[in-house]
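1. Predicted model and sequence follow; I will ask about them next.
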Amino acid sequence: MTTLHSRSRRRRVVAAAGAVSAGLLALSACDKPTPIATITVGTSSVNSEAACYNDGKALDTASLTKCLKDTGIKSIKVDPDATVRFGVDPKIADNGWTILMNGQALTDSSTKTYRTIPGSVFFNAQYGASGNSTLVSIKEGDKSVLGLWSFKLKKDA
């Protein structure tokens, strides 16, 4: 009886060791998540990891070109009378970040983790808007681009 008991115990130990090994292997295959950027309008918010990110190192032109063609951009509805709140991970803020509207700088670089802009700005032709949606990006870095997060703001009538 002790032989039967020790065999089943050995099997459990081997199975547990195998499960731990498989778990560690799966974790080693995962990519490290990028810092998060969030846009909030009223009670709605959307957040995203970077479309382009190289773990805090400058992105080359080829990477940026590929990144700008990204079609998986998250969107949020914006009432022009509402306030649009931008929040970034402190890791982004440490390197300075700029809000871009349709590829053009809308703000100066900031090291704060939070900024607000009136919703009407994103649908105003004076600021380069056209139509009922605007591409807004968050660019990390002052001298070079370290990361890029993009969102589509859709006018909510």
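-> Noted; the coordinates are in hand. Worth saying up front: this structure is predicted, and the values here are computed from it rather than measured. Numbering: from 1, shown residues only.

2. check contacts around the residue nearest to the spatial centre of the chain.
-> With distances taken as Cα atoms, centre = their mean, E49 lies nearest the centre of the chain, 2.1 Å away. Residues near E49 by Cβ atoms under 8 Å, 6 or more residues apart in numbering: P33, T34, P35, I36, W149. No exception for glycine: its C-beta is placed from N, CA and C like everyone else's.

3. I believe the second one is in a helix; please confirm or correct that.
-> No: read with DSSP: H, G, I helix; E, B strand; the rest coil, T34 is coil and lies in no helix.

4. returning to what we had before: separate out the buried members of the contacts of E49.
-> Taking 16 or more other Cβ atoms under 10 Å as the criterion, what is buried in these is T34, P35, W149.

5. Look at the second one and report its pLDDT.
-> We note a pLDDT of 93 for P35 in this prediction.

6. May I ask you to confirm that it is in contact with I92?
-> Yes: at 5.0 Å, P35 counts as touching I92 under the criterion of Cβ atoms under 8 Å.

7. name the element A37 belongs to?
-> Assigned by DSSP states H and E, A37 belongs to strand 36-41.

8. for this protein, which spans come out with low pLDDT?
-> Flagging of the chain using pLDDT under 70 yields the residue ranges 1-31.

9. change it to 90
-> 1-34, 51, 54-56, 60-72, 102-104, 124-132, 142-143, 157 (pLDDT under 90).

10. And the buried ones among the contacts of E49, which is closest to I138?
-> Closest approach to I138 among the buried ones among the contacts of E49 (Cβ to Cβ): W149, at 4.4 Å.

11. list the contacts for the closest one?
-> Counted by Cβ under 8 Å, 6+ apart, W149 has contacts A37, S48, E49, A50, A51, S137, I138.

12. What's opposite it in the beta bridge?
-> I138 (DSSP bridges).

13. Quick check: the gap between it and W97.
-> 9 Å (Cβ to Cβ, to the nearest Å).

14. The closest residue to Y127 other than its chain neighbours in helix, strand or coil?
-> Closest residue to Y127 apart from its sequence neighbours, by Cβ to Cβ, 6 or more residues apart in numbering: V121 at 5.5 Å. For V121, the assignment made with three-state DSSP gives helix.

15. Please consider this matter closed, and thank you.
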